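>>> following is a predicted model, sequence given first.
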Amino acid sequence: MVKRTFTILGGDLRSLKLTDLIREDGHIVNIFGFDSYDTASEIGISIESQKQDLGENHELESIIQGVDVVIGPLPCSNDNETINAPFHSKKIYINDVFKVMGKSQLFLAGKISSKIAHLAEVYNVYTIDILNREEMAVLNAIPTAEGALQIAMEEMQITLHDCNALVMGFGRVGKILGKMLHSLGANTFIEARKYSDIAWIKSYSYKPVLINDLEKHLPYMDVVFNTVPAMVLDEKRLDKLHKNCLIIDLASKPGGVDFEKAKALGLKVNWALSLPGKVAPITAAKFIKDTTYNILEELGV
């Protein structure tokens, strides 16, 4: 096994656990962006052994220079300017990261925006969006779907079994969520735009809903899961839902629900962002590690 050096930069509990997993494989790992890391003990991370090398007493430059791979968070940033670092008290500017990285280093993160990608080009930094990897995207959808079901079970006053559940979108999360709902005995409706997707939905014995027919199905739903990162549940469609219908939005920012209108209508909405890091950080970290190793193997580094 080739021994490599990594820097884990910002992120949530997935990133902290990822540090342990990569170290267990014999690699050297630096970590930065966790000066308020105490909650990590919730998932059994060996914090006491890490206190000496969390990197908070070092400069960002010294943590990054010379390592083979810098692994940023999923998502990389919430504002296109700073690293997403919820366990850090200070801002970590992406510009400061890229300007100290060399040509031989690799930067991995999730949901790298076009603006960040352009900045990387300016600094000649080689970046890979780990969520563009099919294996990562598919596996990441599993804890996302499980987390969505957990929210539904906690907030609904009826069982998922025999309820009317609508999944908006038939992408990776939509496919896995539909399978889980169907296995629980829910009356599983799946919305899609493409006739080819409608055919697949029928083949799985789900109830297909073409986007043009959506509004006539909405009044009968007990829970709606949105996976579409666009405004699909606007005021007109929200008004079709009954008042006890739960909406769980799984779409990344800016989401797919008109939240203000939903509130005005008295509808309960849960915007469930970054579920893998909240409900299954250890499993999600393993997915990140395995995908990272796949990338390095393919690159031959």
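Thanks, I have it.
>>> could you use CA atoms for every contact and neighbour count after this?
Noted.
>>> can you give me the helices in the chain?
13-24, 47-50, 60-64, 94-98, 114-122, 134-155, 172-183, 195-203, 214-217, 235-238, 259-264, 275-279, 281-299 (DSSP state H).
>>> for P281, what are its contacts?
Residues near P281 by Cα atoms under 8 Å, 6 or more residues apart in numbering: L13, R14, K17.
>>> same thing but at 7 Å, please
L13, R14 (Cα atoms under 7 Å, 6 or more residues apart in numbering).
>>> so T227 touches I176, yeah?
No - using Cα atoms under 7 Å, T227 is not in contact with I176, being 11.3 Å away.
>>> count of residues packed around the nearest residue to R172 once chain neighbours are set aside?
Excluding its sequence neighbours, the residue lying closest to R172 (Cα to Cα, 6 or more residues apart in numbering) is V138, at 5.9 Å. Using other Cα atoms under 10 Å, V138 has 16 neighbouring residues.
>>> so what's I94 up against?
With the criterion set at Cα under 7 Å, 6+ apart, I94 makes contact with E81, T82, I83.
>>> mark which of these are buried, thanks.
By neighbour count, with 16 or more other Cα atoms under 10 Å, the contacts of I94 hold E81, T82, I83 as buried.
>>> quick one: contacts for the second one?
In other words, T82. K91, I92, Y93, I94.
>>> can you tell me which of the residues you listed are buried?
Buried, going by 16+ other Cα under 10 Å: I92, I94, out of the contacts of T82.
>>> surely L74 and L108 touch.
No - contact criterion Cα under 7 Å: L74 and L108 do not qualify, at 9.5 Å.
>>> quick one, phi/psi of the nearest residue to D222 once chain neighbours are set aside?
Distance criterion Cα to Cα, 6+ apart; nearest residue to D222, sequence neighbours excluded, is C245 at 4.6 Å. Phi and psi for C245, reported as degrees, to the nearest 10, are phi -70, psi 130.
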